[in-house]
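Enquirer: Return atomic coordinates for the entry below.
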Amino acid sequence: MQTTPALWQALRVLLGFLATGCALLPIYAYYLQPWLEWQWPPLDQWLAANHCLIEAWCIPQFSQQPVLLMALMSLLFFALAFHRHGPLLPWVDSAPLLTYPPHGWRSWLAVALFGLLALVAVGLQAYQLLWLAVPAVSPWLWGLGLFSALAAALLWDAEEPAVLLRTLANGLLALALAVTVMAVAAVLAGRGPLAWGILLAALLFFAASSVFSYRCHTFLQPLDHLAMLGLTLMALLLGLRYLWSWRYAFIGDEWGFLEIATTLIHRPELYQTFTTHDSNGYHTVFSSYLQAWTMVVTTENLFGWRLSSLLPMIFSVPALYAFARWWAGRTVAWLSAGALAGSHMLLSFSMVPYNNTQALLPLSLGLGCFAFAIRRNSRLRFLLVGMVVGLGFLVYGLGRLAAIPIGLLLLLHIWPESAEDEPTAAHIGEEMAASQSRPRDALMRMVGAGLAVIFGAVAVAAPMLFNLKNWQDMMMATPAESEVLGKLDPTVQMWRNVVLGAHSFLSNQKFTHFVVGPYVDPLTGLLILAGMGALVGNFWRRTRWASFLLAGWLLIFVTSALQQYDHVSNTRMFLLVLCYALFAGLGGTLLLRALAAPWGLQRERYLLLMSVPLIAAVVWINQWHIVNVVQVHSQQMPIALILQQLQESAATNGGGMPVYVVADDNIQRMSLIVRAHGVPRERVHYLQGDELLASPQICGE
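Expert: The predicted structure follows:
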């Protein structure tokens, strides 16, 4: 019997309801069960906290709930509902196969000289680290390699002024956005009239860059520019909301990073830039310089220090928007960036000012640069992709994993997209249409772009890439040198962590570092399942869909598997929020389209209007989670409780009742924490144990 369109549409709706229901079951179990009592069988038994739907799936180490089973069922139903009915992506023109080489011997000579100089600089760094075994290379030698590589790529692209002009326009827009964010932060830090003047100049710079980018016909329009700026500033304001709260005062080891950053401001000669400063060898001095520079721009206190931990997440918002705009359109970009800006996990974990969150930058900026590079075969753009990936070697070690998804995307997209993969080849011009039949040219493009990416990555990563001691330290953070080695087989440990990581957006049993509960809110979890299901259901339709599904799952697999613990750590898994945000943006767009279809409101303008309340709902739920879940259930140390008394008893002029603290081994750290939170010195009195009875303020005269 042939299925009619009406029957198939009804079946899609039914599958959509089933998928939503399966997704909501674990959400109910984790979020709503303490407040709601479900009395109707059999769901009352399925949703019970101590009961398993299917015993085989309810291994205690994995989860107390059949979350994984429900997630898989929801994924299957969404895949069937959206099969061959996925998002209609806007056409994005592919890049020409070849960049025109330099004309004339002078141009060739200039490119060759700068390229050779870059090779020599990188080679000298490798020689010093591998053969001479120096502890660190000179920052000047490193900078020479970067400058030479950029100059060579710039001179190569100069033969195509239109492409180079668009590249510069995009770069100016990114710079203007970053300057505007830092200017707003300086104003909020109370830097006075100078900060306000810089903010006004930054806004004018941003407006001029937006106009220039529009006139250069870049694929981001002024509406995209405003959305990127607005969502980025929203992330900044949300991040600063609880910055001074005593609830985030103390984890234990994070305050050593403030001491190092402060030392780098006043006595930088005590540290070498390309070395590590912790006993584990995970954290580089270069990362602490990024914290120190943020404090110089804003304030040398808790504000500037915690802001340095928030900025990687904040700058990831526009970068993720640019990638999502290329990947699946403007509505997906809005929702993805909005979900990232409101993420309770990143907002909470960033309150611990390690430099861990800097690992977000290589992945997010790499995706953003990739979206620009893949559109034009510009040596400079591909070089920038590699440089951003190479940055992962200089910041927190987790950033090195950015090379995996971005490398996979490059391999799958460096070839020109076929006519079957996109709607039509008429949009790409005669040169692109003719080039489809030239596999040799396609191979040359792949080789040229690949070499640019590799060389850019090596030029930036060289100080740590060729540092064997650093690689040995990195191995300590993998199952190869696991802290549970001997208790668990490494294969079992990796498999357990992969399963835990695969549904960490719905289930998380490790409440540490102010991360409590699943890694995303329940609404975003539903959107993630819808987005993943759509990609699975349309896997073979377009390369762009399949490539990111593979890249995202590969990142989830590697990040979960390569951990030295017998559980997935919140200090590593935050990287996955970038992938979750993209999946959620796609799922949200599909659900909005499904809701708008009966009224014929499927045009982009209507979807954008509908996405605004959806973003607002996601932000509100995440803020509720932070206040009612994270701040209530996070374990607080005595130092934080003392700070609570100091803050709650403070007067409007900064004074207040004195607080007496009995000195112990943490007295020096306590003094640092109190000063960083702006508590006047005269309000805190530190006493030794034998001074208590002799203190007239306590015992009277």
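
Enquirer: Low-confidence ranges, the chain, go.
Expert: Across the chain, residues meeting the criterion (pLDDT under 70) sit at 1-81, 83-107, 278-281, 415-443, 480-488, 542-543, 652-654, 663-668, 688-701.

Enquirer: Spatially central residue in it, please.
Expert: For the chain, the residue nearest the mean C-alpha position is residue 360 (3.8 Å; CA atoms, centre = their mean).

Enquirer: Find the nearest non-adjacent residue to it, please.
Expert: Closest residue to residue 360 apart from its sequence neighbours, by CB to CB, 6 or more residues apart in numbering: residue 312 at 4.3 Å. C-beta: built from backbone N, CA, C; applies to glycine.

Enquirer: immediately after the helix or strand encompassing that neighbour, which helix or strand?
Expert: Here residue 312, judged by DSSP states H and E, is contained in helix 302-328. Heading C-terminal from helix 302-328, the first helix or strand you meet, by DSSP H and E, is helix 330-341.

Enquirer: which is the next helix or strand following that next one?
Expert: The C-terminal neighbour of helix 330-341 among helices and strands, as given by DSSP H and E, is helix 344-349.

Enquirer: any idea which helix or strand comes after that following helix?
Expert: Downstream of helix 344-349, the first helix or strand assigned by DSSP H and E is helix 360-373.

Enquirer: Going along the chain, name the helices of the stretch 501-650 of the chain.
Expert: For the stretch 501-650 of the chain, helices defined by DSSP state H, counting those that start in this stretch occupy the ranges 522-537, 543-561, 570-573, 577-596, 604-625, 631-633, 638-648.

Enquirer: which outside residues touch the third one?
Expert: What it means is helix 570-573. 345, 349, 354, 356, 398, 501, 504, 508, 510, 512-513, 515, 519, 559-560, 563 (CB atoms under 8 Å, 6 or more residues apart in numbering).

Enquirer: Who are the packing partners of the helix or strand that contains residue 473?
Expert: For residue 473, the host element (DSSP H and E) is helix 468-475. Of the remaining helices and strands, none touches helix 468-475 by 3 or more CB pairs under 8 Å, 6 or more residues apart in numbering; DSSP states H and E.

Enquirer: What is the one helix or strand residue 129 maps to packed up against?
Expert: Assigned by DSSP H and E, residue 129 belongs to helix 104-130. With contacts taken as 3+ CB pairs under 8 Å, 6+ apart, helix 104-130 sits against helix 139-157, helix 439-465.

Enquirer: next SSE after the first one?
Expert: What that stands for is helix 139-157. For helix 139-157, the succeeding helix or strand toward the C-terminus, using DSSP H and E, is helix 161-188.

Enquirer: relative orientation of whatever helix or strand comes next after that following helix and helix 161-188 in degrees?
Expert: Using DSSP H and E, the helix or strand that directly follows helix 161-188 along the chain is helix 193-215. Helix 193-215 and helix 161-188 are oriented at 160 degrees to each other (axes from the mean of the first three to the mean of the last three CA atoms, to 10 degrees).

Enquirer: Run through who's touching helix 193-215.
Expert: With contacts defined as CB under 8 Å, 6+ apart, helix 193-215 is touched by 169-170, 172-173, 175-177, 179-180, 182-184, 186-187, 189, 220-222, 225-226, 229.

Enquirer: Tell me how far stretch 380-394 lies from the chain's centre.
Expert: Computed by CA atoms, centre = their mean, to the nearest Å, the chain-centroid distance of stretch 380-394 equals 16 Å.

Enquirer: Report the contact partners of the residue nearest to residue 360.
Expert: 350, 357, 358, 359, 360, 361, 364.

Enquirer: next one: residue 353
Expert: Counting by CB under 8 Å, 6+ apart, residue 353 makes contact with 254, 257, 258, 291, 305, 306, 308, 309.

Enquirer: Turn those residues into JSON lines, including neighbour count and distance to residue 474.
Expert: Below are the contacts of residue 353 laid out as JSON lines (neighbours: other CB atoms under 10 Å; distance: CB to CB, whole Å):
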{"residue": "254", "neighbour count": "20", "distance to residue 474": "21"}
{"residue": "257", "neighbour count": "23", "distance to residue 474": "19"}
{"residue": "258", "neighbour count": "24", "distance to residue 474": "25"}
{"residue": "291", "neighbour count": "27", "distance to residue 474": "21"}
{"residue": "305", "neighbour count": "24", "distance to residue 474": "26"}
{"residue": "306", "neighbour count": "26", "distance to residue 474": "27"}
{"residue": "308", "neighbour count": "27", "distance to residue 474": "23"}
{"residue": "309", "neighbour count": "25", "distance to residue 474": "21"}
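
Enquirer: Turn the helices of the stretch 501-650 of the chain into TSV, columns for mean neighbour count and distance to residue 204.
Expert: Below are those laid out as TSV (neighbours: other CB atoms under 10 Å; distance: least, CB to CB, whole Å):
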stretch	mean neighbour count	distance to residue 204
helix 522-537	26	36
helix 543-561	19	36
helix 570-573	22	40
helix 577-596	25	31
helix 604-625	17	27
helix 631-633	13	39
helix 638-648	17	38
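
Enquirer: nearest to residue 445, of those helices?
Expert: Closest to residue 445 of those is helix 543-561 (CB to CB; 15.7 Å).

Enquirer: Can you tell me which helices and strands the closest one packs against?
Expert: Secondary-structure packing of helix 543-561 (3+ CB pairs under 8 Å, 6+ apart): helix 302-328, helix 403-413, helix 490-502, helix 522-537, helix 570-573, helix 577-596.

Enquirer: again, 6 Å this time
Expert: Using 3 or more CB pairs under 6 Å, 6 or more residues apart in numbering; DSSP states H and E as the contact test, the elements touching helix 543-561 are helix 403-413, helix 490-502.

Enquirer: Out of those, flag the one nearest residue 625.
Expert: helix 490-502 (20.2 Å).

Enquirer: Compute the inter-axis angle for the closest one and helix 543-561.
Expert: Using the same axes, to 10 degrees: helix 490-502 against helix 543-561 is 130 degrees.

Enquirer: which parts of helix 490-502 are buried?
Expert: Under the neighbour-count criterion of 16 or more other CB atoms under 10 Å, helix 490-502 has 493, 494, 496, 497, 498, 499, 500, 501, 502 buried.

Enquirer: distance of residue 239 from residue 293?
Expert: Distance, residue 239 to residue 293, by CB to CB, to the nearest Å: 18 Å.

Enquirer: And the two? Which one has more around it.
Expert: Legend: neighbour count by other CB atoms under 10 Å for residue 239 and residue 293, higher for residue 239 (23 against 15).
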